[in-house]
Every structure is written in C-alpha cells, then in structure tokens.
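Q: using only what follows, build the 3D model:
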Amino acid sequence: MDARSLFPAHPLGHTFDSLLALRASTHADSVFLRFAAVDLTFAETWQKSQALAAGLAEAGVVQGDVVAVLLPNSPEFALMWFALASLGAMACLVNTGFRGPTLAAALGRTGASTLVVH
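A: Predicted structure coming up:
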C-alpha cells in the first residue's frame, strides 16, 4: 500500500510524520539521518520512530501532551522527535547542560507530563 493513501494531506500541508512515511515508502533504503556512529535510512527511521511512538502511547503519552526531552544530539533524539510528532505530542527540548536548580526550574516551566532522559 502506498503511504500517500495512509496519510491524507493535512489542512496546512503535509506533517513531518506523513512526509517521513511517504519517503519511507518511496526511498526506503536511502540514508536520511547521518550520525558519527550510525546512518539511518528513511525506512529505519520510520520503523524505529513508530515503535518508539507505540511505547510512548503505552506509557500514556497522547496528542497534545508536552514531553520534556533531555537528550544529547543523537539518533535517539531524532527518533524521539519523530515519535512525538507522530503522536501529536509536543517535544519541549531541555538543555542537557542544565543541572540542579536550573534543571528543576526549566522542567517546572515546561508543564510536561512526561520526561525523556538518556
């Protein structure tokens, strides 16, 4: 089945999720994300982010939730971002250098229902 039929056009255009699904079906083996230790194809990124989205949904993350993300620049960060986009949840990115009271204050301001850490 063609991904275009699975994801009708969003009123404002395609979503990140629908574009990734489309590219996973049309350019499955093309490298999409490149990191020092690993390259991820469109298909791998789609599959891994959907598996992560399923886990987040099982943990109670739903559309509209704010999720604080405290991850370094890594494949896991990118996959988390796509997983949250897939669920319609908002990623609130938190500086990984924050510690102690600064981190507590930043997290308190996010209004996040969930925190993701490395």
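Q: next SSE downstream of the worst-scoring helix or strand of the chain on mean pLDDT?
A: Least confident helix or strand of the chain, by mean pLDDT, DSSP states H and E, is helix 3-6 with a mean of 52. Proceeding N to C from helix 3-6, the next assigned helix or strand is helix 16-26, under DSSP states H and E.
Q: give me the helices and strands touching that next one, please.
A: helix 3-6, helix 42-58, helix 75-87 (3 or more Cβ pairs under 8 Å, 6 or more residues apart in numbering; DSSP states H and E). C-beta: built from backbone N, CA, C; applies to glycine.
Q: so which other helices or strands are in contact with the longest one?
A: The reference is to helix 42-58. Taking 3+ Cβ pairs under 8 Å, 6+ apart as the contact cut, helix 42-58 packs with helix 16-26, strand 31-34, helix 75-87.
Q: re earlier: what's the closest of the helices and strands packed on helix 16-26 to Asn95?
A: helix 75-87 (12.8 Å; Cβ to Cβ).
Q: low-confidence ranges in the chain?
A: Scanning the chain with the threshold set as pLDDT under 70 gives 1-13.
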